[in-house]
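Peer 1: Model the structure of this input:
(one chain, ligands or ions: 1)
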Amino acid sequence: MENNILNFSQYYKPHLKDKKKFNHLKIKIFQHQSKGQFHNADELINIIHSYNSIKGIVYGDDQINKKVIKLLKTKKTKFIIKWGQGLDSIDLKSAKKNQIKVKNFPGIFKTEVAELAVGFILNLLRKINLLDQNTKKISWRRIFSHTLKNKVVGIIGFGNIGKEIAKKLKGFDVKILYNDPKVKIKTYTKTNIKTIFARSDIVILACDLNLSNLGFINKSVLKNSLKKPYLINIARGKLVIEKDIAKYIQNKKISGYATDVFQHEPIVKTNPLLKYKKNTLFTNHSASVTYEAVNKINCEISKNIIKSI
Ligand SMILES: NC(=O)c1ccc[n+]([C@@H]2O[C@H](COP(=O)([O-])OP(=O)(O)OC[C@H]3O[C@@H](n4cnc5c(N)ncnc54)[C@H](O)[C@@H]3O)[C@@H](O)[C@H]2O)c1
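Peer 2: Numbers count the residues shown, from 1 in each chain. Below is the predicted model:
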């Protein structure tokens with residue numbers, strides 16, 4: 001009996017000790033990393049067609065739609081493992097209907113993502129990147145920045161990551177506001193999104209992407225920005241309308257935008273935010289790409305493959 005596993009994720013590699021277990025259990029991992037960030041559904045279908053049977057797959061941001069699931073069913077696939085947490089690129093309904101188990105790892109990267117969010121806050125307020133650029137140009141011109149202490153930080157989405165950001169900010173003496181329809185925690189002040197934008201100096205997006213919040217951070221929400229907040233997105237690019245954010249930066253109604261995620265990934269040259277280099281800070285969806293986090297999730301995935309075979 002073949003135990004073929006296709007790996008589409010960029011970072012999954014079993015450790016040596018797991019490889020030995022895999023050999024013993026006749027588990028074979030076939031690597032299919034995309035040249036870009038992910039495979040679209042047609043690319044996945046082409047690859048899947050070339051196998052007689054597939055026990056399971058590991059994927060990252062690859063687009064697993066209904067057609068892909070149907071094809072996997074014909075290959076007797078039992079499980080799909082997400083390298084990470086967000087399940088927004090898979091048709092969960094189809095997977096359930098076809099009795100293919102989907103496994104993800106909620107909260108596995110909360111430390112790394114929260115650390116990046118804190119890094120964004122410090123960099124936006126203290127302008128570390130601009131000072132670095134100037135100083136390396138042998139310029140001694142100082143730039144005014146902002147003190148973080150006593151600022152109001154509004155967090156939209158108060159799940160694993162949102163709460164971890166609040167925890168990490170404790171030592172900075174800031175006031176935390178949050179919005180999340182599913183969470184109620186007495187330690188912090190819960191409020192609506194309009195108030196978050198009206199009262200915050202820094203607004204952080206930390207919610208999952210779902211059908212009800214696609215593009216919900218747009219001009220109709222941004223117009224409530226009374227204190228010219230800095231906006232930070234470590235969750236998903238499609239939560240925001242980037243051209244609206246660009247307009248608000250241009251009109252100086254928000255002070256800046258730091259993001260790890262984009263409406264179109266990888267980033268494209270025509271991204272409207274690229275015009276505002278001084279008020280923006282970009283990373284390429286790499287909040288969870290640390291040696292420690294990758295090592296941790298790869299161990300979990302190997303364990304899961306063995307359990308699910
Ligand atoms: N940048 C990265 O590399 C990276 C890494 C991991 C996770 N993420 C993203 O971060 C998201 C959050 O992660 P998490 O572990 O905290 O997830 P989580 O499921 O623990 O929490 C998400 C919270 O967002 C809330 N929410 C959903 N829609 C909302 C809305 N419209 N307004 C306010 N709150 C809303 C939910 O009720 C939930 O409590 C993930 O779904 C993923 O998309 C990004």
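
Peer 1: now stretch 139-155, how far from the centre of its chain.
Peer 2: 25 Å (Cα atoms, centre = their mean, to the nearest Å).

Peer 1: Is the ligand within reach of that stretch?
Peer 2: No: Stretch 139-155 stays clear of the ligand (Cβ under 6 Å from any ligand atom), getting no nearer than 9.1 Å. Bear in mind the C-beta positions are built from the backbone N, C-alpha and C, glycine included.

Peer 1: Pull out the buried residues from that stretch.
Peer 2: Neighbour counts over stretch 139-155 (16 or more other Cβ atoms under 10 Å) mark L148, K151, V152, V153, G154, I155 as buried.

Peer 1: try stretch 295-309
Peer 2: K296, I297, N298, I301, S302, N304, I305, I306, I309.

Peer 1: Give me the contacts around that stretch.
Peer 2: Residues from elsewhere that reach stretch 295-309 (Cβ atoms under 8 Å, 6 or more residues apart in numbering): 3, 5, 11-15, 18, 21-22, 25, 27, 55-56, 58, 78-79, 81, 83-84, 101, 103, 105, 108-109, 288.

Peer 1: now with 10 Å?
Peer 2: When contacts are defined by Cβ atoms under 10 Å, 6 or more residues apart in numbering, stretch 295-309 is touched by residues 1, 3, 5, 7, 9, 11-15, 17-19, 21-22, 24-27, 29, 55-56, 58, 78-85, 101, 103, 105, 108-109, 111-112, 288, 290.

Peer 1: Give me the ChimeraX select line for those, limited to the buried ones.
Peer 2: To isolate the buried members of the contacts of stretch 295-309 in ChimeraX, using 16+ other Cβ under 10 Å:
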select :3,5,7,9,11,12,14,18,22,27,29,55,56,58,79,80,81,82,83,84,85,103,105,108,109,111,112,288
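
Peer 1: Check the contacts of stretch 295-309 one by one and keep those near the ligand.
Peer 2: G84, Q85, F109, S288.

Peer 1: what's the farthest-apart pair in these?
Peer 2: Q85 and S288 (8.7 Å; Cβ to Cβ).

Peer 1: overlap in contacts of those two?
Peer 2: Taking Cβ under 10 Å, 6+ apart as the criterion, Q85 and S288 both touch I108, F109, K110, V113, I297.
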